[in-house]
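K.L.:
the following block contains a protein sequence and its predicted model.
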Amino acid sequence: MNNTAPLIDPFARAIRYLRVSVTDRCDFRCTYCMAEHMTFLPKAELLSLEELDRLCSTFIGLGVTKLRVTGGEPLVRRGIMTFFEQMARHLQSGALEELTLTTNGSQLARYATALAELGVRRINVSLDTLEPAKFAAITRWGRLAQVLDGISAAKAAGMRVKINTVALKGFNEDELFPLIDWCAREGHDITFIEVMPMGEMGEESRLDQYWSLRDLRARLAQRFTLTDLPERSGGPARYIRLAETGQKIGFITPLTHNFCESCNRVRLTCTGELYMCLGQEDMADLRAPLRLHPDDSAPLEAAIRDAIARKPKGHDFDYGRQLAGTAPNAGAQGLIRGQMSRHMSHTGG
Ligand code: SAM
Ligand code: SF4
C-alpha cells in the first residue's frame, strides 16, 4: 500500500477523518431523518463487509487516523462486529488513532462490552428527548427505555458517551435544561445539532422544525455563565463550558456559521460513494475500482486521490435570508437553498 503521500485537498486541508456509513437501514424512523415508508437500497448494492474492510483500510493506509462508523443505524447491519474487529487491528498497529461510532443506542445493551473491548473509547448516541411518549413520536418506531439501557451499558463498559440532540422547534425546546441536567448527572457530554436540509420528508417541513442554536444558546445564558472554548475537532462543532456545572456543550450550526475552512473529513456511503462534502452533490464512485481490481489497490488509491483533489471549499446550506435573526419557523415554506436530495442516513450523519 502506498503510504508515503497523505491526502491533501486543494485548500491544503489534510484529510484524516473518514466517516463510513455501513448501512442505509435503521430500526427507527426519526421524522427529521427519514420518511415513514422509506425505500432502502437493494442488498446487492451494499458493500460487503470485506469490501468495507478493504476500502477503509486503504484510507487508513493513505493517512486517515480517525474512523467513525455510522449509517443508517450501524449496529443493525448483520455481522457488524466482524467489521469492528477488522478495524480494531488498525488501532492495534497504531495506524488508526480513533475508532468510534454514531448510533441511536437501540442495540447498545447487546454490543457495548464487545465494542469497548475492541478499543472503542467514545461513542455518540442520538437522543432528542427524555420523555417516552415524545421519544416514540419523534423516532416513530423507537422505545426510550431500550436506548437508556443501551447508554447505561456503554457507560458501564467504560466508554465516554456524547449525546447528540437535534434542536427541534416546538418539540424539545422545553427540555433544554432537563437534558443538560440529566447529562450532568450521568457524566455525558452533549452536542446540539441544527436540522439540516437532507432528503425529502413527505409532509414534514424542515423550516417548521428549525430551532436556531443562537436562540438555544441565549436561553442557556439565562441560567448559566457560558465560556467559549477554543477547541476545534476539524468539524462543524463549536464548544462552550458552563461555569456552574463544568459541562462542555457542543453546537453544530451549519446554517448559522460556516465551519468549512477547517474540514478534515470525507464520507463514504454504504454503496461506496465518496462524498467530499456533506452539503454538495459531487461524489466519486469507489465501488467500481474496488470491484474491478480485487487484487490491485493502485486504481482504488488513484480514485481516492482524484476525489480528494475535487473536495470543495464548503457547503451551500442556507434557509433563506429572510429567516436570519428572526423567528425562523414563521411558517415560511420552500426557501431552502442548498437542499440535498439524499437523506442523512444515506451519506451517514
Ligand atoms: N442512526 C444513528 C443515529 O441516529 O445516531 C447514526 C446515523 S444518524 C443519520 C446520525 C446523526 O444525524 C444523528 O445524530 C441524527 O440526529 C442526525 N440527523 C439525521 N437527520 C438529520 C437532519 N436532517 N438534520 C440534522 N441532523 C440530522
Ligand atoms: Fe435512524 Fe439515526 Fe436516522 Fe434516526 S437519525 S432514523 S436513528 S438513521
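P.N.:
In hand now; what should we look at? Numbers count the residues shown, from 1 in each chain. Ligands and ions are numbered 1, 2, ... in the order given.

K.L.:
from the stretch 51-200 of the chain, which residue is nearest to ligand 2?
P.N.:
Residue nearest to ligand 2 within the stretch 51-200 of the chain (Cβ to the nearest ligand atom): Asn104, separated by 3.5 Å. Using the backbone N, CA and C atoms, a C-beta is placed for each residue, glycine as well.

K.L.:
run a quick neighbour tally on that residue.
P.N.:
Residues lying near Asn104 (other Cβ atoms under 10 Å) number 26.

K.L.:
so who does it touch?
P.N.:
By Cβ atoms under 8 Å, 6 or more residues apart in numbering, the contact set of Asn104 is Cys26, Asp27, Phe28, Cys30, Glu73, Val125, Ser126, Thr139, Gly142, Val147.

K.L.:
those residues: which ones sit near ligand 2?
P.N.:
Among the contacts of Asn104, proximity to ligand 2 is found for Cys26, Phe28, Cys30, Glu73, Ser126 (Cβ under 6 Å from any ligand atom).

K.L.:
would JSON lines of those residues with distance to Thr269, neighbour count and pLDDT be doable?
P.N.:
Below are the ones next to ligand 2 among the contacts of Asn104 laid out as JSON lines (distance: Cβ to Cβ, whole Å; neighbours: other Cβ atoms under 10 Å; pLDDT from 0 to 100):
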{"residue": "Cys26", "distance to Thr269": "14", "neighbour count": "23", "pLDDT": "97"}
{"residue": "Phe28", "distance to Thr269": "19", "neighbour count": "23", "pLDDT": "97"}
{"residue": "Cys30", "distance to Thr269": "19", "neighbour count": "18", "pLDDT": "95"}
{"residue": "Glu73", "distance to Thr269": "15", "neighbour count": "23", "pLDDT": "98"}
{"residue": "Ser126", "distance to Thr269": "19", "neighbour count": "22", "pLDDT": "98"}
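
K.L.:
secondary structure and distance to Phe192 added to these, as CSV?
P.N.:
Output for the ones next to ligand 2 among the contacts of Asn104, formatted as CSV (DSSP: H, G, I helix; E, B strand; the rest coil; distance: Cβ to Cβ, whole Å):
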residue, secondary structure, distance to Phe192
Cys26, coil, 21
Phe28, coil, 19
Cys30, coil, 15
Glu73, coil, 21
Ser126, strand, 12
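
K.L.:
spell out the residue ranges of the helices in the chain.
P.N.:
Ranges of helices within the chain are 49-61, 80-93, 108-117, 132-139, 144-156, 176-186, 206-209, 213-223, 287-292, 298-308, 344-347, based on DSSP state H.

K.L.:
can you pull the buried residues of the third one?
P.N.:
Buried residues in helix 108-117, counting neighbours by 16 or more other Cβ atoms under 10 Å, are found at Leu108, Ala109, Tyr111, Ala112, Thr113, Leu115, Ala116.

K.L.:
so what does that helix touch, helix or strand wise?
P.N.:
Here helix 108-117 touches helix 80-93, strand 122-126, helix 144-156, going by 3 or more Cβ pairs under 8 Å, 6 or more residues apart in numbering; DSSP states H and E.

K.L.:
please identify the most buried of these.
P.N.:
strand 122-126 (a mean of 21; mean count of other Cβ atoms under 10 Å).
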